[in-house]
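Enquirer: Need coordinates for the below:
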Amino acid sequence: MLKNNYAVIIYKLPSLFNILNELNDYLDFKVFSEKDFNKLKFDKFLSVILVTKHNTNHNFQEVVINEFPIKVLKLIEKINLSILKHQFLIKSNFFIGNFKFDTNAKTISYEGKMINLTEKEMYIITYMIQSKKSVSVDELENVVWNYKTDLETHTVETHIYRLRKKINENFDIKDFIINEKNGYSLNLKIFK
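Expert: Below is the predicted model:
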């Protein structure tokens with residue numbers, strides 16, 4: 001992904017803009033403040049994301065941050081998830097090996113068989129595809145469900161169990177998702 005393809009406007013949060021602006025060279029998106037609205041050429045970007053404290057009437061994807069303080073890494077994670085969602089809306093059909101994913105229809109096809117996925121199952125799979133490492137339960141809770149990490153829940157484990165079962169019953173693949181020391185990941189061997 002090219003940095004200049006995504007514009008993130010920090011809307012009426014000047015301190016947050018100053019922090020992210022200092023990190024601009026290290027981010028996968030270009031940071032702007034609401035003062036740049038009139039100067040910004042929106043057609044130059046694949047997507048414009050507004051980071052704000054409250055929902056606005058603007059026609060942009062929004063990342064609403066209503067709990068402060070927020071860790072910068074958590075904020076960047078939320079922005080990257082918003083970018084990821086946009087990328088998959090644009091590219092609703094994609095292939096990895098013999099698997100065909102349709103994010104709009106929420107289906108996965110393999111060797112002539114197709115199964116329907118829930119929205120959460122599709123988010124889990126697409127997030128794991130984009131991740132370059134194992135994904136922890138806390139990270140999935142935060143990204144897919146917007147849960148705080150201090151909550152005691154087995155939501156992720158339950159969804160992973162059901163997803164594994166669905167893949168195994170329909171495609172006869174037992175190790176689609178691997179449980180590793182640091183979390184979960186897709187079994188890349190089956191995608192070849």
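Enquirer: Could you report the pLDDT at residue 147?
Expert: On the pLDDT scale, residue 147 is placed at 64.
Enquirer: Okay, the most centrally placed residue in the chain and residue 190: tell me how far apart.
Expert: Taking Cα atoms, centre = their mean, the centroid of the chain lies closest to residue 81, which sits 3.0 Å from it. Using Cβ to Cβ, to the nearest Å, one obtains 25 Å as the distance from residue 81 to residue 190. C-betas here are computed from N, CA, C, even on glycine.
Enquirer: So which residues make contact with the longest helix along the chain?
Expert: Ordering each helix of the chain by length in residues (DSSP state H) puts helix 72-90 first. For helix 72-90, contacts defined as Cβ atoms under 8 Å, 6 or more residues apart in numbering pick out 1, 6, 8, 16, 19-20, 23, 27-29, 46-47, 49, 51, 61, 63, 65, 103-104, 126-127, 130, 139, 142-143.
Enquirer: next helix or strand past that helix?
Expert: Moving toward the C-terminus from helix 72-90, the next helix or strand (DSSP states H and E) is strand 93-96.
Enquirer: same question for that following strand, mean pLDDT?
Expert: When pLDDT is averaged over strand 93-96, the result is 79.
Enquirer: CA atoms only for that strand, dumped as PDB, please.
Expert: Written as PDB, here are the backbone C-alpha positions of strand 93-96 (Å, rounded to 0.1, in the frame of the first residue of the first chain):
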ATOM      1  CA  ASN A  93     -13.100 -10.900  -4.900                       C
ATOM      2  CA  PHE A  94      -9.600 -12.100  -4.400                       C
ATOM      3  CA  PHE A  95      -7.800 -15.400  -4.600                       C
ATOM      4  CA  ILE A  96      -5.200 -17.000  -2.300                       C
END
